[in-house]
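K.L.:
okay, here's the prediction I keep looking at, along with the sequence it came from:
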Amino acid sequence: MHTNHTITVPRTAHYSTIGEAGPNTRYFWIACHGYGQLAQKFIRPFESIAADDTFILAPEGLSRFYWGGFTGEPVASWMTREGRLHEIGDYSNYLTTLYDLFLARMPADVRIILLGFSQGCATQMRWVMRTFPAFHHLIFWAGSIPEDIDYRPRLGYFSDKALHFVYGNQDQFLTPERVSQQRALIQASGLQLQEHTFEGTHSVEEEPLKRLAGLARQAVD
């Protein structure tokens, strides 16, 4: 009879950035991509909010695979149901390492905006609920918060933070039924999310991204 084991090993992770993290940084974005994407492509729409006072970090999921078979494009994923707790722990440690690395280079009052797209929504929320990092805005874009987490004991942690639910009105994956389910889950969890819709499908679009960046600036300007 065989026995399965695990071992923790060093490995190389990938991420993409826009801008520089330094003493003049006022806005720090951490944007997690969706299933089957790469950070270097996912980050492209964020060029629309690039500014001298903004640093944008797009971590890449630790698991790469070929999209559509052995000859497909290499893409990445954050986790699967196999060994999920280990994968959640691994990417949480990875995100914390990046967060601490770059935050140390910025002013203490930097505004922190977390964004997750599709699968990246659950990734961001699972990381947040494991480590409780400081942040100001958390954006769930075309995805859902995890259903297996009890948020109610931590509502005080979220009370001074802005949470956003963003989706396109033609999203082929986030159907009206799934939107209703998300609303019901949010209400049952006691979380307060601002809902934003835009003309578009299952993607990060520049114009709604600019509007959200504007909201983050209005909070301090």
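P.N.:
Received the coordinates, thanks.

K.L.:
just confirm A188 is within a strand.
P.N.:
No - counting by DSSP: H, G, I helix; E, B strand; the rest coil, A188 is not found in a strand; it is helix.

K.L.:
could you look up the SS state of L115?
P.N.:
Taken by three-state DSSP, the conformation at L115 corresponds to strand.

K.L.:
got a pLDDT number for it?
P.N.:
Here the pLDDT value assigned to L115 is 98.

K.L.:
I30 is in contact with that one, correct?
P.N.:
Yes - under the criterion of Cβ atoms under 8 Å, L115 makes contact with I30 at 7.1 Å. For glycine as for every other residue, the C-beta is placed from the backbone atoms N, C-alpha and C.

K.L.:
any shared contact partners between the two?
P.N.:
Q124 (Cβ atoms under 8 Å, 6 or more residues apart in numbering).

K.L.:
what about the longest helix in the protein?
P.N.:
Looking across the chain with DSSP state H, the single longest helix is helix 84-103.

K.L.:
what's that one in contact with?
P.N.:
Residues outside helix 84-103 that contact it (Cβ under 8 Å, 6+ apart) are 6, 13, 15, 21, 28, 30, 32, 55, 57, 59, 61-63, 78-80, 110, 112, 123, 126-127, 130-131, 133.

K.L.:
over to stretch 140-158?
P.N.:
Residues from elsewhere that reach stretch 140-158 (Cβ under 8 Å, 6+ apart): 34, 115-122, 124-126, 129, 132, 163-168, 171, 173-174, 178, 181-182, 185-186, 189-193, 202-204.

K.L.:
just the residues you listed: which are in helices?
P.N.:
Per DSSP H, these map to helices at 119-122, 124-126, 129, 178, 181-182, 185-186, 189.

K.L.:
out of those, who's the most crowded?
P.N.:
G120 (29 neighbours; other Cβ atoms under 10 Å).
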